[in-house]
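*Asks:* Predicted coordinates and the sequence they were generated for:
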Amino acid sequence: MDYLPEQLVWEILRRIKKTTDRNSVSLTCKRLHGLDNEQRESLRIGCGLDPANEALTSLCCRFLNLTKVEITYTGWMSKLGKQLDDQGLLILSNHCPSMIELSLSYCTFITDVGLGYLSSCPKLSALKLNFTPRITGCGILSLVVGCKILTVLHLNRCLNVNSVEWLEYLGRLGTLEDLSIKNCKAIGEGNLIKLGASWRNLKRLQFEVDVNYRYMKVYDRLAVDRWQKQWIPCENMVELSLINCIISPGRGLACVMGKCKKLEKIHLDMCVGVRDCDVIGLAQNSRNLRSIYLRVPSDFSLPLLMNNPLRLTDECLNALSSNCSKLESIRISYSDGEFPSFSSFTLQGIITLIQKCPVRELAFDQVYSFNDAGMEALCFAQHLETLELVRCQEISDEGLQLAVQFPRLSVLRLVKCLGVSDEGLRPLVGSYKLETLAVEGCPQVSERGVFGAARSVSFRQDLSWMY
């Protein structure tokens, strides 16, 4: 080992991805130990780091070129020792001048003071916070004022972030490219207008409203006027994910959906108020769209104050099939399968979309309009590689047997499907067509029935969902 060229040793270490393997290799000789100390760029710590501040200081002095640090206290209990606190973030700011990305998860002892220490990190460009209950909007503001090159900001369940001055500052800064706000109950859709000109550089937006607070959100008149009058420059958006949001005509996030010319991925999960015209406008302007996920709320989950029917229909599917020639991933789900007659998409609309787009991944959850005739249409899907059927109760053995005729199918997942049995999988047994078969919660399918139906088989029989 002592005679190997240094460049070769560096390449060997670079190819070792698992932390446990890196630790083991570094203990084999002094040379590898020293080179690993120089090359190690990421560090993940949490429970068991005791005493936390002293141990962190030791690690930072050992690994001098850390660029990514993750601190997570998932499952922490007091008997595991004291958590890292604000002093720990001061240690990071003093000893990790190359730190680019920091993730804090379940760090309940860290406050705004600790975030203030991070404002002196010259290269910090990505911050991800997951359940940090003592951090407020003031702490976020002090960080973004100090970190002038912040491009990634993720806030998940930050329950006390109840002011949005930091959003306005980020809007003026104009560096943000990736923003994720999930279940921060004090931040509503209307607050996003404060990003202003920063929308121009935003490439990825994830916004999830806590479902318990969704219908409590109200727009004040001023916020509505600002959305309607202000031009939202979001042409560079590549990925948009909206969960539990209220999409209101002519305001809020409805202003954004039709202007994302470079959009490649759209995720709409339980968004009340999405209309055909919203998806049609999206399809006409986002011709690079590659992936769409639609989880449609049932009619019974819509607020009673809405008079007009807001169900999506085949019109939006036809727009997608006519304009999005690169669409390769389609996932459609209904929130409530107890009312199958309310399915808004017909079988013909779904088939047209599949036939006109190069769909490689297809997933249906509680889509009762998709039946054996739909499975027959998939025999002509030249690009389909992955099919996932969840609670699709109109699929029978007759339809499932057609899967062996799908030209390029390699992955099949069946979850909670009542109409399929071992008989439906019989043509696949010994055919070596599938790489992966996963069956879960299908009462008529046995472990014996899936044996030999794919190179890799996963079987789980949990029928608790039926009772």
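*Replies:* Thanks, I have it.
*Asks:* Give me the neighbour count for the residue nearest to A381 when sequence neighbours are not counted.
*Replies:* Distances taken as Cβ to Cβ, 6 or more residues apart in numbering put I354 closest to A381, at 5.7 Å, once the chain neighbours are dropped. For the C-beta atoms, the positions are set from N, CA and C on the backbone; glycine is no exception. When neighbours are counted by other Cβ atoms under 10 Å, I354 registers 22.
*Asks:* Could you say which helix or strand holds the closest residue to Y432 other than its chain neighbours?
*Replies:* In this structure, Y432 finds its nearest non-sequential neighbour in R455, 7.0 Å apart by Cβ to Cβ, 6+ apart. Using DSSP states H and E, the element containing R455 is strand 454-460.
*Asks:* For that strand, which strands pair with it and how are they oriented?
*Replies:* Its sheet considered, strand 454-460 pairs with strand 434-440 (parallel) by DSSP bridges.
*Asks:* If you count neighbours, what's buried in the partner strand?
*Replies:* Across strand 434-440, burial judged by 16 or more other Cβ atoms under 10 Å covers 434, 437-440.
*Asks:* Tell me if I'm right that S120 and G146 touch.
*Replies:* Yes: here S120 lies in contact with G146, judged by Cβ atoms under 8 Å, at a distance of 6.3 Å.
*Asks:* Between these two, which is the more surrounded one?
*Replies:* G146 (18 against 13).
*Asks:* Can you read off the pLDDT for the more buried one?
*Replies:* Model confidence at G146, given as pLDDT, is 93.
*Asks:* roughly how far apart are it and S78?
*Replies:* Taken as Cβ to Cβ, to the nearest Å, the spacing of G146 relative to S78 amounts to 32 Å.
*Asks:* ok, C147 - contacts?
*Replies:* Neighbouring residues of C147 by Cβ atoms under 8 Å, 6 or more residues apart in numbering: 118-119, 121, 124-125, 127.
*Asks:* quick one: which of the residues you listed has the most company?
*Replies:* Result: L124 is most packed of the contacts of C147 (other Cβ under 10 Å), 24 neighbours.
*Asks:* contacting residues around it?
*Replies:* By Cβ under 8 Å, 6+ apart, the contact set of L124 is 99-102, 118, 147, 149-150.
*Asks:* Now render those residues as CSV, adding distance to D85 and secondary structure.
*Replies:* Below are those laid out as CSV (distance: Cβ to Cβ, whole Å; DSSP: H, G, I helix; E, B strand; the rest coil):
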residue, distance to D85, secondary structure
M99, 18, coil
I100, 23, coil
E101, 21, strand
L102, 15, strand
L118, 14, helix
C147, 21, coil
I149, 26, coil
L150, 23, coil
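*Asks:* Make a PyMOL selection of the buried ones in these.
*Replies:* In PyMOL, this line selects whichever of these come out buried by 16+ other Cβ under 10 Å:
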select buried, resi 99+100+101+102+118+147+150
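*Asks:* so which of the contacts of L124 comes closest to C60?
*Replies:* Using Cβ to Cβ, M99 comes nearest to C60 of the contacts of L124, at 9.5 Å.
*Asks:* The closest one and L143: what is the separation?
*Replies:* Using Cβ to Cβ, we find M99 at a distance of 13 Å from L143.
*Asks:* And for S322?
*Replies:* In terms of Cβ to Cβ, S322 sits 45 Å off from L143.
*Asks:* More neighbours: those two, which one.
*Replies:* When neighbours are counted by other Cβ under 10 Å, S322 and L143 differ, and L143 comes out ahead with 25 against 15.
*Asks:* I figured the more buried one hits L115, correct?
*Replies:* Yes: proximity of L143 to L115 meets the contact threshold set by Cβ under 8 Å, at 4.7 Å.
*Asks:* And the contacts of L124, which is closest to A373?
*Replies:* E101 (49.1 Å).
*Asks:* Pass me the low-pLDDT residue ranges in this structure, would you?
*Replies:* For the chain, the stretches flagged by pLDDT under 70 are 1-3, 10, 33, 35-36, 213-231, 298-310, 336-343.
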